[in-house]
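Asks: prediction below, plus the sequence it came from.
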Amino acid sequence: MPKACFNALLAGAVLALAVPAHAELTFSDPWLRAVPPVSPTMAGYATLNNTGEDTVIITGVSTPVAGHTMLHDVETAADGSRRMVHLHHLAIPAGESLVLAPGNRHLMLMKLTQVPAPGDSVEVCFHLNGGQDACAAFPVKRASQSDG
Amino acid sequence: MRKLPYILPVLLALLVAGCGKQESDLPVNTRLGGEFTLTDHNGEPFSQAQLKGKVSILFFGYTHCPDICPAVLARVAQVYRQLQEAGEAGQVQPVFITFDPERDTAEHLKEYLPWFKADIIGLTGSLAEIREVATQYGVVFIKDQAEQDYLFTHSDYIYLLDDQGRVRKLYPADFTIDEVVTDAKSLL
């Protein structure tokens, strides 16, 4: 078999394997909160929908604009103080959605290599169990009153 | 009829009071607040007395905070803009006090805060000075040393102060913008 054909078949096989994984996790209303250009961090939000038939486990997140990206939860103590908790894994059962929202679970982008401005769009990739990635464009916007 | 000369001044006083400033229904919180001196974003000493004469929206946070603090800053900026549209922003002063003086220097606050376009005064100081002010306002903040890029566990109330620097109302971080605008106007 010619090498070019083999490579094409291989690429096709990889794509065929990758597409269902991508299809299992879809994103609704993704966005990054716009922050001042000197800001070292920013947060991201979206609704993550598992449209597949198996539980999706998110094992990590990355984006080209941040040296380090994490999933965080917010815990409220009895005295009302709140703290961030690093979520190392996040499971979304089949057919369910998980909301990342201000003051709640969210994406935390740290060590920003560049601070995207309102109107920019940033690719954010969620690393899934099994080795696949599910990526989406997160527009950067200033929050409206309803967004928090 | 002979009583009229006595009643008239009283009626006049009541009329003047009625036409004057409407007293706010917001109670004075006597447990929180008080005098303090910190360093503003220009590197100058800033005392709480300098806020007198204006209604203040005061809150604590830190600029490395990714979620809650920028959200609060954005919401306070929206309050300010609504008051600006009503022509009353000149009588209201947003104040941001950091509890992360190690990273939130006066220089950094001066670069960071103007982006919100709300004339926010940024205050920093020594950790001891900030802790004292935080205690006055019942604010808890604990540095989380476990992370390399440390975060804080912290309370996130917003304080509305009247023109005498007295605390009149507290709001949660996800406060309703219209509520704060209405309350601030009631104190003007």
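Replies: That came through, no problem.
Asks: quick check: residues of chain B near chain A?
Replies: Contact residues, chain B versus chain A (C-beta under 8 Å from any C-beta of the partner chain): B:63-68, B:70-71, B:74-75, B:78, B:108, B:111-113, B:115-116, B:140-142, B:144, B:147, B:149, B:151-157, B:173-174, B:177. (Glycine included, C-beta is placed from N, CA and C.)
Asks: only whichever of those are buried, select them in PyMOL.
Replies: To isolate the buried ones among the residues of chain B next to chain A in PyMOL, judged by 16 or more other C-beta atoms under 10 Å in any protein chain shown, type:
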select buried, chain B and resi 63+64+65+66+67+68+70+71+74+75+78+108+111+112+113+115+116+140+141+151+152+153+154+155+156+157+173
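Asks: in helices, which of the residues of chain B next to chain A fall?
Replies: Counted as lying in helices by DSSP state H, out of the residues of chain B next to chain A, are B:Ile68, B:Pro70, B:Ala71, B:Ala74, B:Arg75, B:Gln78, B:His108, B:Glu111, B:Tyr112, B:Ile177.
Asks: now for these: which two are most distant?
Replies: B:His108 and B:Ile177 (26.7 Å; C-beta to C-beta).
Asks: show the contacting residues for the residue nearest in space to the middle of chain A.
Replies: Here the mean C-alpha position of chain A is nearest to the C-alpha of A:Phe126 (C-alpha atoms, centre = their mean), at a distance of 4.6 Å. By C-beta atoms under 8 Å, 6 or more residues apart in numbering or on different chains, A:Phe126 lies in contact with A:Leu25, A:Leu48, A:Ile58, A:Gly60, A:Val61, A:Asp133, A:Ala134, A:Cys135.
Asks: mind redoing it with 10 Å?
Replies: A:25, A:27, A:46, A:48, A:56, A:58-62, A:69, A:71, A:90, A:107, A:132-136 (C-beta atoms under 10 Å, 6 or more residues apart in numbering or on different chains).
Asks: quick one, phi/psi of B:Val133?
Replies: Dihedral angles of B:Val133 (phi, psi; degrees, to the nearest 10) stand at phi -70, psi -40.
Asks: and the closest residue to it other than its chain neighbours, how many neighbours?
Replies: What sits nearest to B:Val133 in space, not counting adjacent residues and going by C-beta to C-beta, 6 or more residues apart in numbering or on different chains, is B:Phe36, at 4.5 Å. Neighbours of B:Phe36 under the rule other C-beta atoms under 10 Å in any protein chain shown: 20.
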